[in-house]
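**Student:** when you get a sec, could you give me coordinates for this:
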Amino acid sequence: MESFKVGAPQNFKDKNITMAQPNPLNAPKTPGTDTRTLILGIGVGLMAASIGALYTVFARWGMARGLTSPDLTALRFGVAGLVTAPLLLMALVQQRHALLEKWRVWLAVSLLAGTPFGLLMFGALQFAPTSHAAVFPFASMSVMGMLLGAWVLKDPLTRRRATGIALVLGGLLLVSGVDAASFTASALLGDGMFIAAGTLWAGFGSLLRKHQLPPLLATAVISFSALVTYVPVYLWTTGAAGLLAASPEVFWTEVLVQGLIAGGGTLFTYAKMVSILGPARAAIFPALAPGLAALMAWPVLGHLPANLEVAGLLVVMLGLLLAVTGSRRT
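**Tutor:** Numbering: from 1, shown residues only. Have a look, this model is predicted:
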């Protein structure tokens, strides 16, 4: 299991607290420049994008069988929060002082990637069409991740990376099939919520890297904070009527996908990717999710990917490789 470490080791003098040795990835150099590190980061990024595509497809599968967005959100936060609670308890026992000294940072992490992010993402679907959901949050993650990396972490905004991001955005437009007629007043409100959610997620990545927060502990903190904030409100307002009415097949499938795989897996793989590649590069990988979802929807939903969807995924992959690879100055 990944060891817990919070911040720089020199901040703690308690000999009873075992801190991990300094990691070369935490050194003040551009992350992801070593070939082996880059390959590892790309592998984790592909896993994160695949998880994102998987829970998107099964969210549509569950909603077609009577579940709602609040039901799926409650499963995601509730199951992940319960599963990771022992990890948080262990950290509180072993490194209570380390956690309490950085309580403001952990609160900020919870606000950026926890309940507010989930409410914006799922709430936006009530106003904007699903085609917009494939573009605006991921475009916001990529662009804001790149800008915040340059501003907060001094990770240069190179010409190669900017070109890669431009290709990623173009590929997302092809995947989604967005047309001008879909930009209604209601859709613009949803798009604004998508952009806000993507910006929160990009800020989450920058905060992780800046304070060298361990991915496993970050996953536990965010999941538990969402469990104690969102789930009680959900139970109070809905009585969990949708989950109680669902068939056992639908309920347990969504527990597995939304709760276990997506709830903890999305946070952990993204946080791990940030620790390897840095937030600017890590923010590009979620853009693969819509294209991968189009491919996964074929066996799950019976939706055959259109030529433009496949072409868009290929363009996104090209842009991603262009933005993630390359030297610091190109």
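
**Student:** for this structure, which helix is longest?
**Tutor:** Counting residues, the longest helix found in the chain (DSSP state H) is helix 35-63.

**Student:** counting contacts, what elements does that one pack onto?
**Tutor:** The elements that helix 35-63 packs onto, with contact taken as 3 or more C-beta pairs under 8 Å, 6 or more residues apart in numbering; DSSP states H and E, are helix 69-94, helix 248-254, helix 265-277, helix 279-282, helix 289-301, helix 307-324. Where C-beta positions appear, they are placed from N, C-alpha and C, glycine not excepted.

**Student:** swap in 7 Å and give it another go.
**Tutor:** helix 248-254, helix 265-277, helix 289-301 (3 or more C-beta pairs under 7 Å, 6 or more residues apart in numbering; DSSP states H and E).

**Student:** ok, and for that helix, which residues are buried?
**Tutor:** 38, 40-42, 44-63 (16 or more other C-beta atoms under 10 Å).

**Student:** how about stretch 231-246?
**Tutor:** So stretch 231-246, judged by 16+ other C-beta under 10 Å, has buried residues Val231, Tyr234, Ala240, Gly242, Leu243, Ala246.

**Student:** same check, this time on stretch 247-260
**Tutor:** Val250, Phe251, Thr253, Glu254, Val255, Val257, Gln258, Gly259.

**Student:** with stretch 129-144 instead?
**Tutor:** Result for stretch 129-144 [16+ other C-beta under 10 Å]: buried residues 129, 131-144.

**Student:** equivalent analysis for stretch 67-84, please.
**Tutor:** 67, 69-81, 83-84.

**Student:** for stretch 89-98, same thing?
**Tutor:** Within stretch 89-98, the residues that qualify as buried are Ala91, Gln95, Ala98, counting by 16+ other C-beta under 10 Å.

**Student:** Ala48 against Phe285, yeah?
**Tutor:** Yes: counting by C-beta atoms under 7 Å, Ala48 touches Phe285, with 5.7 Å between them.

**Student:** now do the shared contacts for those two.
**Tutor:** Met273 (C-beta atoms under 7 Å, 6 or more residues apart in numbering).

**Student:** in a markdown table: the buried residues of stretch 247-260, plus pLDDT and distance to Thr325.
**Tutor:** A markdown table is the format used below for these (pLDDT from 0 to 100; distance: C-beta to C-beta, whole Å):
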| residue | pLDDT | distance to Thr325 |
| --- | --- | --- |
| Val250 | 95 | 42 |
| Phe251 | 95 | 43 |
| Thr253 | 95 | 37 |
| Glu254 | 93 | 37 |
| Val255 | 94 | 38 |
| Val257 | 92 | 32 |
| Gln258 | 90 | 33 |
| Gly259 | 90 | 35 |
